[in-house]
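1. quick check, what structure comes out for this input:
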Amino acid sequence: MQKIVDNIYNLVWSDVLVYLCLLTGTYFTIRFRLPQLRYLNEMIRLLFSGKASSKGISSFQAFSLAISGRVGTGNIAGVATAIGMGGPGAIFWMWVIAFVGSASAIVEAALGQLYKQEINGEYRGGPAYYIHYGLKNKAFAIIFAVVTIVSTGFLLPSVQSNSIAVAMDTAFGTSGFVTAGILIILMGLIIVGGVKRIGKVSELVVPFMAGIYILMALVIIGINYQEIPSVFSLIFRSAFSLDATFGGIVGAAISWGVKRGIYSNEAGQGTAPHAAAAAEVDHPFKQGLVQGFSVYVDTLFVCTATALMILFTGQYNVQGADGNFIIENLKGIEMGPTFTQMAVSLHFPLLGSSFVAIALAFFAFTTIMAYYYIAETNVNFLFQEQKNSLYIWGLRFLLLVSIFQGCITTASTAWQLGDIGVGLMAWLNMLAILLLHKKVVLLEQDYAMQKSVGQNPRFYNKTYNIPNVPIWEPKK
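-> Alright, predicted model coming up:
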């Protein structure tokens, strides 16, 4: 079974996907003339504008829901794994994929908004919807929906729960079975409440947890401020094969930086458009900009904070391609959240390990919530013309089984299966947004034109006659 998993993993995550993600983000960056920078002020302004309605959540709730999906295990355990497999240079490539990936996030989120549908009184959308209604390819849409249900309903939640269990065991000696029981009860209470409850919990928890974590990181960075230049120098030298120690693994730095960057910020992966589609906005491009900003929050703030804590303190190992250690500062320690726990504990011995465990629990728990919402959206897509309550309950059971499985399985297996899920979704979604991006070019031009004459941009499809966008048709 492990050989089968290894072969599937190597097939999905070949270098072709790594460069597809980089080149797609670069193309969108050029095609839309650096939207990550040109619209930065607008991104922040839009974040706090717009209100929820009976059908949709607010822009900030959609941002929080997307951030709860983006900010998770990837920001703590994922960054540690990137350093462990690719050296410090992997962090530079995480930044690169975040910057160019922000353009991909803008495109996919705007498409999610444009092709959203009203189902059972709530807005629903995502890649399956824009593939079906935009590309008019139902078979492709069904494949994406099935892959996404398997990935976000079963493969990816186990990665999050595994990291919670490992961190809790390290900090408090808590059994994986006990952690699983607590997570299952709490998640069960939230997911039966639907998107509105998930959105409200995310809106409250996400800003709080991210703020506290970044504050702790800033304290450690402040203590080590004199080492900032040398650490950044190490990152850049390692990224370009200029460092004697890590020069031989620059390929691994690129590969693991991009892999963990995509896993963490999810740009182009196809998960965030589900949250984007749920928002109540009056122009699809507005939600695209909000989601583009969420990539910055995830990688440039939270991932960088984790990386600096680990590199400042030297609490990491780096493994070469042959399986031997290039650097082994932590003997017998498996890559993952323990690197971060050890880094914080070095400065705060009484607080560090437990603080990271609790922060990781919040991060990963809200990510599982977001995964459930994404999976449910795709179940709705597949069975929208039927009574789907039985399928929804089946999904809920599958998710809770995944949480339990993750808490008692090994970290390496959980991460591999999660990576396969991320990779499959990224392959399908990248192809879809490349084929549909001209619609977003149209939206961006419409938005910029209205802004240039001092208007608050609103989208009216009667001007463009894009088919299959019923939410944007004139109200009769």
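2. strand partners (parallel or antiparallel) of the one helix or strand Val318 maps to?
-> If you go by DSSP states H and E, Val318 is part of strand 317-319. Strand 317-319 sits in its sheet next to strand 325-328 (antiparallel), going by DSSP bridges.
3. got a list of contacts for the strand holding Val318?
-> Contact with strand 317-319 is made by 83-85, 87, 246, 249, 325-330, 333, 335, 339, as judged by C-beta atoms under 8 Å, 6 or more residues apart in numbering. (Glycine included, C-beta is placed from N, CA and C.)
4. just stretch 213-233 next, same as before
-> 88, 301-302, 305-306, 308-309, 311-313, 343-344, 347, 355, 359, 363.
5. and which of those residues is nearest Ala239?
-> Of all those, Ala239 sits closest to Pro88, with 8.0 Å by C-beta to C-beta.
6. what sits against the closest one?
-> Pro88 makes contact with Val231, Leu234, Ile235, Ser238, Ala239, Asp243, Phe246, Ala307, Leu311, according to C-beta under 8 Å, 6+ apart.
7. mind running it again at 7 Å?
-> Shown in contact with Pro88 (C-beta atoms under 7 Å, 6 or more residues apart in numbering): Leu234, Ile235, Ser238, Phe246, Leu311.
8. helix, strand or coil for the second one?
-> Spelled out, it's Ile235. Three-state assignment for Ile235 (DSSP: H, G, I helix; E, B strand; the rest coil): helix.
9. that one: neighbour count?
-> Using other C-beta atoms under 10 Å, Ile235 has 26 neighbouring residues.
10. surely Ile466 forms part of a helix?
-> No - checked against three-state DSSP, Ile466 lies outside a helix; its state is coil.
11. ramachandran coordinates for it?
-> phi -70, psi 130 (degrees, to the nearest 10).
12. could you pull up the residues touching Ala267?
-> Gly25, Gly101, Ser102, Ser104, Ala105, Val295.
13. give me the distance between it and Glu280.
-> Note on Ala267: its distance to Glu280, by C-beta to C-beta, to the nearest Å, is 23 Å.
14. repeat for Ser158
-> For Ser158 relative to Glu280 (C-beta to C-beta), the value is 33 Å.
15. what's the answer for Tyr373, then?
-> Taking C-beta to C-beta, one finds Tyr373 at 16 Å from Glu280.
16. Met430 too?
-> For Met430 relative to Glu280 (C-beta to C-beta), the value is 28 Å.
17. the two: who's more crowded?
-> Taking other C-beta under 10 Å, Met430 and Glu280 do not tie; Met430 has more neighbours (21 against 18).
18. name the SS class of that one, please.
-> Going by three-state DSSP: Met430 is helix.
19. pLDDT score for it?
-> Looking at Met430, its pLDDT reads 94.
20. ok so, going back, let me have the contacts of Pro88 in JSON lines, adding distance to Tyr129 and pLDDT as columns.
-> Converted to JSON lines, those look like this (distance: C-beta to C-beta, whole Å; pLDDT from 0 to 100):
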{"residue": "Leu234", "distance to Tyr129": "44", "pLDDT": "92"}
{"residue": "Ile235", "distance to Tyr129": "39", "pLDDT": "94"}
{"residue": "Ser238", "distance to Tyr129": "41", "pLDDT": "91"}
{"residue": "Phe246", "distance to Tyr129": "43", "pLDDT": "79"}
{"residue": "Leu311", "distance to Tyr129": "41", "pLDDT": "93"}
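21. just give me the closest of these to Pro457.
-> Ile235 (38.7 Å).
22. contacting residues around that closest one?
-> Pro88, Gly89, Ile91, Phe92.
23. quick one: the contacts of Pro88 as JSON lines, columns for distance to Leu442 too.
-> As requested, the contacts of Pro88 are exported to JSON lines (distance: C-beta to C-beta, whole Å):
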{"residue": "Leu234", "distance to Leu442": "44"}
{"residue": "Ile235", "distance to Leu442": "39"}
{"residue": "Ser238", "distance to Leu442": "42"}
{"residue": "Phe246", "distance to Leu442": "45"}
{"residue": "Leu311", "distance to Leu442": "44"}
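24. which of those lies closest to Gln117?
-> Distances from Gln117 to those, taken by C-beta to C-beta, are shortest for Ile235, at 43.9 Å.
25. from Trp415, how far out is that closest one?
-> 23 Å.
26. again, but for Ala171
-> For Ala171, the distance to Trp415 equals 20 Å [C-beta to C-beta].
27. then Tyr372?
-> Separation of Tyr372 from Trp415 (C-beta to C-beta): 20 Å.
28. so which elements touch the helix or strand encompassing Val5?
-> Assigned by DSSP H and E, Val5 belongs to helix 2-12. Helix 2-12 sits against helix 411-452, with contacts defined as 3 or more C-beta pairs under 7 Å, 6 or more residues apart in numbering; DSSP states H and E.
29. what angle separates the helix it packs on from helix 2-12?
-> Taking axes from the mean of the first three to the mean of the last three C-alpha atoms, to 10 degrees, one finds helix 411-452 and helix 2-12 inclined to each other by 20 degrees.
30. now the end-to-end length of stretch 222-233.
-> Taking C-alpha to C-alpha, to the nearest Å, the first and last residues of stretch 222-233 lie 18 Å apart.
31. buried sites along it?
-> Judged by neighbour count (16 or more other C-beta atoms under 10 Å), stretch 222-233 contains these buried residues: Asn224, Val231.
32. swap in stretch 35-55?
-> Buried residues in stretch 35-55, counted by 16+ other C-beta under 10 Å: Pro35, Gln36, Tyr39, Leu40, Glu42, Met43, Leu46, Leu47, Gly50, Ala52.
33. what's the answer for stretch 142-160, then?
-> 142, 144-145, 147-160.
34. helices - which of the residues you listed land there?
-> Those of these mapping onto helices are Ile142, Phe144, Ala145, Val147, Thr148, Ile149, Val150, Leu156, Pro157, Ser158, Val159, Gln160, per DSSP state H.
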